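Novice: What would the 3D arrangement of this be:
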Amino acid sequence: MQDIQFVPAAKLKDKPKDETKLGFGQIFTDYMFEWDYDEGQGWHDPRVVPFHNFEMSPAALVLHYGQTIFEGMKCYRRADGGLQLFRPQANFARFNRSADRLCIPKFDEETALAGLMKLIEVDGEWTPSAPDTSLYIRPTIIALDPFVGVRAAKQYKFYIILSPSGAYYPTGLAPVGIYVEDEYVRAVRGGMGFAQTAGNYAASIKAGEIAKKKGFQQVLWLDGVERKYVDEVGSMTMMFVLDGKLVTPELNGTILAGITRDSILTLARDMGMEVEERRVSIDEIFEGAKNGKLNEAFGTGTAAVVSPVGELCRGEERITINHGEIGPVTQKMYDTLTGIQFGRLADPHDWIIKVK
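Specialist: Numbers count the residues shown, from 1 in each chain. Here you go, the predicted structure:
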């Protein structure tokens, strides 16, 4: 593990006074973590420095060919004022899997975690304490070579920025409406669907705008081959309560191996629920709404944690789920997971790392 340098800021920013108006990903803290890579030298000079803009060549590879990856995690403030992280080791392990897919050199995960811990130690006061708020953490790697040509870069920058944030959806736990996209696709097997890379999200913007114009908050993606099986929903994993079982699409290379997804499945098993990870056809879901087998539906992800789904629309066909209300399983999953994250409940799986 490399030593983390610290460069103090000459002046600190004013912190938000109203934590009920933070929004999501709009405000940034005093400091950031930086770590550089040069071919032949490897990753070097990890440091916590004042938040600043980057200067890079207009020919930087990341701007032309999209060689970039990112992660998302959170720091939570406990009732006693202390701070804690939720499964950051799993995030950095997934970050390295994304790096491998995009030919980015792997990094030492212990140094990355030490850098994050140091960053939160100096910037921890930015972590809000109002209900449903947290300090959002965004690690990113970008390719910097000033070269307009398709190849893996020789220079990279790894950085982490922090953002005090409220709920991802302004409506909080109110059930959302989801539009089933059957024209555009997000990912195919053999592609980059399992990696946290910018191109996956750029590909989703057009369908997202179409869904918003139709009055829906998110898009449910179908598989890219048969346009028949449920993939992801927006930036979340989709889960269904079918006949009392918790059912979610299997990981097949197109779906992100979500940390929240894995946590929810673990908690469901702890609660004695039967869990199925398998192919889930959209026809099964719509038929389940008609025959009473579909009890609940919700999305899971770092940003929203758990987001209940009250309506699905495919073409001209619409179904309402659980009368458009949050269901008991969804509520219990949200309460249990956030209870662990904020330190209100016991942590039976050692998921929490306390910063202070």
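Novice: When you work out contacts or count neighbours from here on, use the C-alpha atoms and nothing else.
Specialist: Will do.
Novice: now the host helix or strand of Gly288, how far from the chain's geometric center?
Specialist: Here Gly288 sits within helix 282-291, counting by DSSP states H and E. Here the centre of helix 282-291 is set off from its chain's centre by 28 Å, with Cα atoms, centre = their mean, to the nearest Å.
Novice: following that helix, which helix or strand shows up next?
Specialist: Criterion used, DSSP H and E; the element after helix 282-291 is strand 294-301.
Novice: ok, and what's touching the helix or strand just after that next one?
Specialist: Stepping forward along the backbone from strand 294-301, the first helix or strand reached (DSSP H and E) is strand 305-314. When contacts are taken as Cα atoms under 8 Å, 6 or more residues apart in numbering, the neighbours of strand 305-314 outside the stretch itself are 172-181, 260, 296-300, 318-327, 330, 333-334, 338.
Novice: Name the residues of strand 305-314 that are buried.
Specialist: 305-313 (16 or more other Cα atoms under 10 Å).
Novice: Can you tell me which of those lies closest to Ser98?
Specialist: Val305 (21.3 Å; Cα to Cα).
Novice: Tell me where the protein has helices.
Specialist: Remark: helices of the chain, listed N- to C-terminal, are 61-65, 88-101, 109-123, 198-202, 205-213, 259-270, 282-291, 328-341; assignment by DSSP state H.
Novice: Val219: which of the ones you listed is closest?
Specialist: Proximity of the helices of the chain to Val219 was assessed by Cα to Cα; the nearest stretch is helix 205-213, lying at 6.0 Å.
Novice: Also compute the angle for the closest one relative to strand 305-314, please.
Specialist: With axes from the mean of the first three to the mean of the last three Cα atoms, to 10 degrees defining the directions, helix 205-213 sits at 80 degrees from strand 305-314.
Novice: May I have helix 205-213 exported as PDB, CA atoms only?
Specialist: In PDB, the C-alpha atoms belonging to helix 205-213 read as follows (Å, rounded to 0.1, in the frame of the first residue of the first chain):
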ATOM      1  CA  ILE A 205     -30.200   9.000 -22.600                       C
ATOM      2  CA  LYS A 206     -32.400   9.000 -25.700                       C
ATOM      3  CA  ALA A 207     -34.700   6.300 -24.400                       C
ATOM      4  CA  GLY A 208     -34.800   8.100 -21.000                       C
ATOM      5  CA  GLU A 209     -35.900  11.300 -22.700                       C
ATOM      6  CA  ILE A 210     -38.600   9.500 -24.600                       C
ATOM      7  CA  ALA A 211     -39.800   7.900 -21.300                       C
ATOM      8  CA  LYS A 212     -39.900  11.300 -19.600                       C
ATOM      9  CA  LYS A 213     -42.000  12.800 -22.400                       C
END
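Novice: returning to what we had before: can you list the helices of the chain in JSON lines and add mean neighbour count and mean pLDDT?
Specialist: Below are the helices of the chain laid out as JSON lines (neighbours: other Cα atoms under 10 Å; pLDDT from 0 to 100):
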{"stretch": "helix 61-65", "mean neighbour count": "18", "mean pLDDT": "97"}
{"stretch": "helix 88-101", "mean neighbour count": "19", "mean pLDDT": "98"}
{"stretch": "helix 109-123", "mean neighbour count": "19", "mean pLDDT": "97"}
{"stretch": "helix 198-202", "mean neighbour count": "14", "mean pLDDT": "92"}
{"stretch": "helix 205-213", "mean neighbour count": "16", "mean pLDDT": "93"}
{"stretch": "helix 259-270", "mean neighbour count": "17", "mean pLDDT": "98"}
{"stretch": "helix 282-291", "mean neighbour count": "16", "mean pLDDT": "96"}
{"stretch": "helix 328-341", "mean neighbour count": "18", "mean pLDDT": "97"}
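Novice: circling back: just the buried ones from the contacts of strand 305-314?
Specialist: Buried residues within those, defined by neighbour count using 16+ other Cα under 10 Å: 173, 175-181, 260, 296-300, 318-322, 324-327, 330, 333-334, 338.
Novice: what's the burial count for Pro128?
Specialist: Other residues near Pro128 come to 25 when the count uses other Cα atoms under 10 Å.
Novice: for it, what are its contacts?
Specialist: Pro128 neighbours (Cα under 8 Å, 6+ apart): 19, 77, 134-135, 164-165.
Novice: ditto for Arg47
Specialist: Listed by Cα under 8 Å, 6+ apart, the contact set of Arg47 reads 4-7, 33-35, 115.
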